[in-house]
Structure formats: structure tokens, C-alpha cells
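> below are the sequence and a predicted model; questions follow.
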Amino acid sequence: MLGTVLIAIGVIFLISGLVYLIVKVPKSRREQERRTAEVPGTIMHEREVRRRKKSTKLYYDMLYTVNGQQFQLKDVRSMTRHTVGEKVRIAYNPEDPEDAHANELHSSPEETKKSGIVLLIVGAVVVVIGVICMFMAK
């Protein structure tokens, strides 16, 4: 029973790792290739969302200016707390300044790839432990 549960959990980690490597890494690379220009931006608003007693998600709105025109990034999720008024670097697409991200709150393709690899390794280890548990239970 325990072995089956561990195998199922391991498979979930393996699938998540594959999604990171097959979907998220290429998406992150395309974003980075498009968003080649940088300007300073300012965090204007913070929103804290509590899903469970211990789970809190942080979202930020940021303001930045390109060629005299103001733009806003809304509901940018962050794993770390930032301060309203804090300066951040905004990377944007010169052909479409609304296509942007805050560098400090955005994972690079390399970071995303590392996350995917870690998920694959954890998944493989959990599956192996699950298989060992199944054989030892017999």
C-alpha cells in the first residue's frame, strides 16, 4: 500500500518536472528573448491572499515608464515580500512595452530548468523508494 502511494506521488513529481522542462523553460526563454529592454519600475500596491491558515500568496502591481508613457504590471506573484515604493527593474519588449516582467520577481530560464530537474530527481527517488517498499512488503 505504502509503495503504491509513494509511486503515485513520485509520478506526480516526475510529471511536474517534465512540465517545467517541456513547457515552462521554453516559455521563459521566449519571454527573455522578446523582453530585451529595461527600465526602472516602482512597486505601487501589494495584495496578500490567504488560501489556508499557513499559505499566503503575495501579488504586486508595478508602474513603469517607456518613452514617456506609463504602463502597469498587475498581480505579479512573488515568493518573497517586497515594499510598496521599492524600485525594481522591468524588462520589456521594445516593440510592445506592455509585454514585460519585473526581473526581481521573474524566474530566468536557467532557474526554471533547475526547478524542473529537481522535481524529476525527487520524483525518481520517490518512485524507487515506492518500488522497494512494494518488493519488501511481499
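Nice, thanks for sending it over. Owing to the predicted nature of the structure, the values given are computational and were not obtained by experimental measurement.
> what about S16, how many neighbours?
17 (other C-beta atoms under 10 Å). Quick note: C-beta positions are derived from backbone N, CA and C, even for glycine.
> which residues touch it?
119, 123 (C-beta atoms under 8 Å, 6 or more residues apart in numbering).
> try T36
Going by C-beta under 8 Å, 6+ apart, the list of residues near T36 reads 91, 93-94.
> swap in 7 Å and give it another go.
P94 (C-beta atoms under 7 Å, 6 or more residues apart in numbering).
> please tell me how far the residue lying closest to V49 once chain neighbours are set aside sits from H45.
Excluding its sequence neighbours, the residue lying closest to V49 (C-beta to C-beta, 6 or more residues apart in numbering) is K57, at 4.7 Å. As for K57, its distance to H45 is 15 Å (criterion: C-beta to C-beta, to the nearest Å).
> what helices or strands is the helix or strand bottoming out on mean pLDDT in the chain leaning on?
One helix or strand of the chain scores below all others by mean pLDDT, DSSP states H and E: helix 25-34, with a mean of 89. The elements that helix 25-34 packs onto, with contact taken as 3 or more C-beta pairs under 7 Å, 6 or more residues apart in numbering; DSSP states H and E, are helix 109-136.
> tell me how far the helix it packs on lies from the chain's centre.
A distance of 19 Å separates the C-alpha centroid of helix 109-136 from that of its chain, computed with C-alpha atoms, centre = their mean, to the nearest Å.
> before we move on, what about stretch 34-44?
How far stretch 34-44 lies from its chain's middle: 18 Å, per C-alpha atoms, centre = their mean.
> alright, I will stop here.
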